[in-house]
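Undergrad: Quick one, fold the following:
(2 chains)
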Amino acid sequence: DAGITQSPRHKVTETGTPVTLRCHQTENHRYMYWYRQDPGHGLRLIHYSYGVKDTDKGEVSDGYSVSRSKTEDFLLTLESATSSQTSVYFCAISGQGVDTQYFGPGTRLTVL
Amino acid sequence: GQQVMQIPQYQHVQEGEDFTTYCNSSTTLSNIQWYKQRPGGHPVFLIQLVKSGEVKKQKRLTFQFGEAKKNSSLHITATQTTDVGTYFCAGPVQGAQKLVFGQGTRLTINP
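TA: The predicted structure is shown next:
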């Protein structure tokens, strides 16, 4: 498996609280992605990064922000968590944006 | 926007039966990729197809890319319990460095 980790792996939080998820890679890949996975919806892209400080929105970006200050780290922040953001969040990395993506182990987030 | 549709959403088979999942894109794709996600796991890359009409095999798995490069299929011959999981296809979004994933086909197997 590619060197990609996510933290935390599980989190339970309350509505209205801020939450930050971290993705860390040791592969020096340029592209990093945040997806959420929900039953019946497959993998939906939230935000992605194509370099340090370079990010763009995906199809379900409302309520989420991201930051990438170093090549190896990509942070996903829920400014004020809502129950609709209960999901499994996957980070992925890629050397070329349209090429193979390698996924992290995922973070299961529950918003009560 | 660009979409990738995958059918069926669910498939339950007896062990030893064959299985096929189909992927259709709203646009022509430069390549198509297939991923497998085991229950409780993360998606893992299986294969990438690039050429029109391309067929690739991995043991009991056969992948095809359509002539028009808008559809693809994954066929598993004589399923085994190790094949259980969700299979996703994905294609590049035109003009962007990202992929669009199908909804996935969840395969369950009765031993």
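Undergrad: residues contacting residue 106?
TA: Just going to use chain A. For A:Gly106, the contacting residues are A:Gln6, A:Arg9, A:Gln37, A:Val88, A:Tyr89, A:Phe90, B:His42, taking C-beta atoms under 8 Å, 6 or more residues apart in numbering or on different chains as the criterion. Every C-beta, even on glycine, is put in place using the N, C-alpha and C of the backbone.
Undergrad: nope, chain B please
TA: Contacts for B:Arg106 (C-beta under 8 Å, 6+ apart) come out as B:Gln9, B:Tyr10, B:Gln11, B:Gly85, B:Thr86.
Undergrad: Now A:Val41. Nearest residue, chain neighbours left out?
TA: Actually, residue A:41 is His. It isn't Val. In space, not counting the residues next to it along the chain, A:His41 is nearest to B:Gln103; the distance is 6.6 Å by C-beta to C-beta, 6 or more residues apart in numbering or on different chains.
Undergrad: Tell me the confidence at that neighbour?
TA: The predicted local confidence for B:Gln103 comes out at a pLDDT of 94.
Undergrad: mind showing which ranges of chain B have poor pLDDT?
TA: Within chain B, no range satisfies pLDDT under 70.
Undergrad: actually chain A, not the one I wrote
TA: The model of chain A has pLDDT under 70 over residues A:1-2.
Undergrad: mind checking which helix or strand the residue nearest in space to the middle of it is in?
TA: If you average the C-alpha coordinates of chain A and look for the closest C-alpha using C-alpha atoms, centre = their mean, you land on A:Trp34, 2.9 Å from that point. A:Trp34 is located in strand A:31-38, with elements delineated by DSSP states H and E.
Undergrad: that older thread, for the residue nearest to the centre of chain A, which residues make a bridge with it?
TA: With beta bridges defined as DSSP bridges, A:Trp34 has these partners: A:His47, A:Cys91.
Undergrad: so what's it up against?
TA: Remark: with contacts taken as C-beta under 8 Å, 6+ apart, A:Trp34 is in contact with A:21, A:23, A:45-48, A:58, A:64, A:66, A:74, A:76, A:89-91.
Undergrad: From A:Glu72, how far out is it?
TA: Between A:Trp34 and A:Glu72 the computed distance is 15 Å (C-beta to C-beta, to the nearest Å).
Undergrad: returning to that earlier point: in the contacts of B:Arg106, find the pair that's most separated.
TA: Of all pairs drawn from the contacts of B:Arg106, the widest gap by C-beta to C-beta lies between B:Gln9 and B:Gly85 and measures 13.9 Å.
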